[in-house]
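1. A predicted structure for the sequence below; I have some questions about it.
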Amino acid sequence: MALNQGDAGVPAASVNDAELDARLTGMEQRLGEAMEGRMQAMMSQVISQLPSLMRGALDVGGVQQEVESGGDVGASTGASGDAAAPNSSQGSAATGTVGVGGYGREYGSQGEAAATGGGVGGVFVSGDAAGEGLFTGGGGISKLAASHVNPPQLKKGAEQYPGWRQDMIVQAGILDIGDVFSGGGVLPDINKPQTALLEQGFSYAAIRKTYLAWNFLSAALTTETDKAIFRRSTNPREALRQLDAAYLSEAQGAQQQLFREFQQYQTPRKENPVASLNKLMGMANMMRQGGGATVNDQFVFARLIDSLPNPEYEVTKQTLSVVQPLTRDILVQQLSTRFNLLTEEWRKEGEKGSGGEQAYIAGDGTGKGRQAGGGRGSKSNGRGSKKKAGTDDRVDHRRCFRCNHRGHRKPDCTTKEEDFLEQCDTCSGFGHNSEKCATPTEEACMAVVEHANFAVVSFEEQYDRAEELCKMDPSWEKLTEDEKEAKVQEVITESF
């Protein structure tokens, strides 16, 4: 019975093993089919996305190659930032962003870069990643946290260089390569192969940074002169020092001269102060761009106020000096208002904005009003006509705008400078200065000015003003002497 049981047990065990083998085989087949289907689905997904990813990497900005470089462009996938295998463009992950790289020195603006067959890969700066492929026989993928960066262009030589240098260092700092230009230590020679640099003890990271800085600086230079200096150098730091030697001394001299002109500027008496403000703002902007003195708007406003001529803008200068805060709008409004008033006064004086006497002159400096018997221009009253009956003798009441004496005009003036007639800054009279002026206060002077519009005007002043007004008429030079005299008297009668 035992034998029978044993014999019976053998077939039973054999049947169980066969079933188990069948089950295991079925499970293995099903697992293989599932894995194969899964892998095929994943690969199909990656392949379907590959064209759109490539277009996205190439559309925005593309790949900008330098003239001196060339070669094909390779593509790679992978987003982990790990180095690709030698002679391969495949990164360590299969779900990353597609990037482009190439042979030779290049500068691009998208994605991550990998060299696919050797040479120096491109430098790429994108929304949040910058990378470069560097190595012969294989590529490397590197990620740097940065925003979209384009190197500032150096186009105007010494005039632009100081400001350009500052901007370039700032942009390099965004790419984490600022220490290549301003740090210490020895940098790899850009002209040597990677293997030689590695044998000299340079790390992969140092080599990558040096190449990135080299390409960055190369893309910033535009003129043949600058590129020639660049090509003679062996690393980015040396190239920048060569550019400094070529431009900084010249630029510093130009900045010093510009600052001297800014400090010594004086607003011309007949010029609109707003135009002077624009000139000073332009100088300040040039100094800022050139890396010279830091000149803010308040400093420019103070310089303009100090440059305004006296006595025309004396009250305006005092008013503006206490305004807090002083803005451009307030400054322009005050200066424009004062200049418009002066222009109108000059027009009334017939000086056309360039003469010497002010429209608010209250007399001839003696403090006297209209002389007794002074007529309204009639030939039979007061002083009568300048034309004497039966003679050509004339009394010239005109005042010279150079020496302030009467009897001639500026073009005919031969008076020596020491014989010039003083003009008072307080009352605008002649023959004395403000220290000897009888007008006790500024308020009293203004009262005289107000009164001058009505009666306190001497006949000589009336004649001067009337004659200047007549000369503004284009037909004046065509009139005879008698016609000119009659016209002057007519203006005196109508205006005074």
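-> Received the coordinates, thanks. Numbers count the residues shown, from 1 in each chain.
2. Against which helices or strands is the helix or strand where residue 211 lies packed?
-> According to DSSP states H and E, residue 211 maps onto helix 204-220. With contacts taken as 3 or more C-beta pairs under 8 Å, 6 or more residues apart in numbering; DSSP states H and E, helix 204-220 sits against strand 106-108, strand 122-125, strand 130-132, helix 161-174, helix 178-182, helix 194-199, helix 224-231, helix 236-264. For every residue, glycine as well, the C-beta is placed using N, CA and C.
3. do you know which of these lies nearest residue 480?
-> Closest of the helices and strands packed on helix 204-220 to residue 480 is helix 236-264, at 49.9 Å (criterion: C-beta to C-beta).
4. Report the buried residues of the closest one.
-> 236-240, 242-243, 246-248, 251-252, 254-255, 258-259, 262 (16 or more other C-beta atoms under 10 Å).
5. So what angle separates the directions of it and helix 224-231?
-> Interaxial angle, helix 236-264 versus helix 224-231 (axes from the mean of the first three to the mean of the last three C-alpha atoms, to 10 degrees): 140 degrees.
6. and the next element down the chain from helix 236-264?
-> helix 273-289.
7. For that next one, which outside residues touch it?
-> The contact list for helix 273-289, computed with C-beta atoms under 8 Å, 6 or more residues apart in numbering, reads 160, 163, 255, 258-259, 261-262, 265, 267-268, 293-297, 299-301, 303-304, 307-308, 313, 328, 331-332, 335-336, 338-339.
8. can you list contacts of the next helix or strand after that helix?
-> Once the chain leaves helix 273-289, the next helix or strand it forms, by DSSP H and E, is helix 297-307. With contact meaning C-beta under 8 Å, 6+ apart, helix 297-307 is reached by 262-263, 265-267, 273, 276-277, 280-281, 284, 317, 320-321, 326, 328, 331.
9. Which of those residues are buried, as a PyMOL select command?
-> Filtering the contacts of helix 297-307 down to the buried ones (16+ other C-beta under 10 Å) takes a single PyMOL command:
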select buried, resi 262+267+273+276+277+280+281+284+317+320+326+331
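10. How much space separates residue 402 from residue 268?
-> To residue 268, residue 402 is 18 Å away according to C-beta to C-beta, to the nearest Å.
11. repeat for residue 341
-> 17 Å.
12. and if you look at residue 239?
-> Residue 239 is 46 Å from residue 268, by C-beta to C-beta.
13. same deal with residue 314?
-> Separation of residue 314 from residue 268 (C-beta to C-beta): 16 Å.
14. Ok, residue 279 next?
-> From residue 279 across to residue 268, the span is 11 Å (C-beta to C-beta).
15. Looking at those two, which is more packed in?
-> The neighbour comparison of residue 279 against residue 268 (other C-beta atoms under 10 Å) goes to residue 279, with 17 against 12.
16. on that earlier part again, out of the helices and strands packed on helix 204-220, nearest to residue 25?
-> Using C-beta to C-beta, the nearest of these to residue 25 is strand 130-132, at 48.2 Å.
17. list the buried ones in stretch 218-237?
-> Those would be 218, 219, 220, 221, 226, 229, 230, 233, 235, 236, 237, for stretch 218-237 by 16+ other C-beta under 10 Å.
18. ok, now which ones touch the third one?
-> Put plainly, it is residue 220. 151, 152, 153, 154, 164, 168.
19. quick one: which helix or strand includes the first one?
-> Read that as residue 151. Assigned by DSSP H and E, residue 151 belongs to no helix or strand.
20. Report pLDDT for the residue lying closest to it once chain neighbours are set aside.
-> Of all residues not flanking residue 151 in the chain, residue 220 sits nearest, at 3.8 Å (C-beta to C-beta, 6 or more residues apart in numbering). According to the prediction, residue 220 has pLDDT 89.
21. low pLDDT regions in this structure?
-> Within the chain, the stretches with pLDDT under 70 are 1-15, 46, 48-149, 249-254, 289-294, 351-398, 427-428, 438-461, 493-496.
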